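Engineer: Generate coordinates for the sequence data below:
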Amino acid sequence: MKARRSVTDRVGYLLKQAQHGLRAKMDQDLKVLGLSTAQYAVLAALQEANVASGAELARRCFVTPQTVTALVAALDQARLIDRSPSRHHGRIIEARLSDTGQVILRRAHAIVKAIEDDMLADLSERDRIALARMLKSCVDHLGTRSEAFA
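Structural biologist: Numbers count the residues shown, from 1 in each chain. Here you go, the predicted structure:
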């Protein structure tokens, strides 16, 4: 008879625990820049897209449109993004990184990279690549990969 594994040894539980720890560390360390992890995600999504509507940002950042509205308002107030009406659709307001936002995002990327490097410190480069490949496979099998980043 097979021994039952504890729920705390299961991959899903460990993924959630890692995600929770990563998020907590990012929130703590990004505070020096006046950012939350969610605000960092919006800035990074804008860097990837160059320009995006609130709906696009919500999809890219895995948050609700209501949440992204609050995030965008705070980033706009902090002058980290610029907003303007879409050239293609007058009712849509698009956002892009401001010059200040680009500077802050570079610093935030360095902070996040340091956190990731610490998290993966015991893994070789080969193991890091393999882990990323395995996680992408998990995402693909769940059908949850964001089309914005595919």
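Engineer: going forward, measure contacts and count neighbours with C-alpha atoms only.
Structural biologist: OK.
Engineer: Local confidence estimate at the spatially most central residue of the chain?
Structural biologist: For the chain, residue 41 is the residue whose C-alpha lies nearest the centre (CA atoms, centre = their mean; 3.8 Å). Listed pLDDT for residue 41 reads 97.
Engineer: in the strand or helix carrying residue 25, what's buried?
Structural biologist: Residue 25 belongs to helix 11-30 when assigned by DSSP states H and E. Within helix 11-30, the residues that count as buried by 16 or more other CA atoms under 10 Å are 22, 26, 27, 29, 30.
Engineer: For that helix, which helices and strands make contact with it?
Structural biologist: Helices and strands touching helix 11-30, by 3 or more CA pairs under 8 Å, 6 or more residues apart in numbering; DSSP states H and E, are helix 37-49, helix 99-119.
Engineer: just the CA coordinates of the first one, formatted as CSV?
Structural biologist: The C-alpha atoms that make up helix 37-49 are tabulated as CSV, following Å, rounded to 0.1, in the frame of the first residue of the first chain:
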residue,chain,number,x,y,z
THR,A,37,3.7,44.1,-6.2
ALA,A,38,0.5,44.8,-8.0
GLN,A,39,1.7,48.3,-9.1
TYR,A,40,5.0,46.8,-10.2
ALA,A,41,3.0,44.3,-12.3
VAL,A,42,1.2,47.1,-14.0
LEU,A,43,4.4,49.0,-14.7
ALA,A,44,6.0,45.9,-16.1
ALA,A,45,3.0,45.1,-18.3
LEU,A,46,3.1,48.7,-19.7
GLN,A,47,6.8,48.2,-20.5
GLU,A,48,5.9,45.0,-22.4
ALA,A,49,3.0,46.5,-24.2
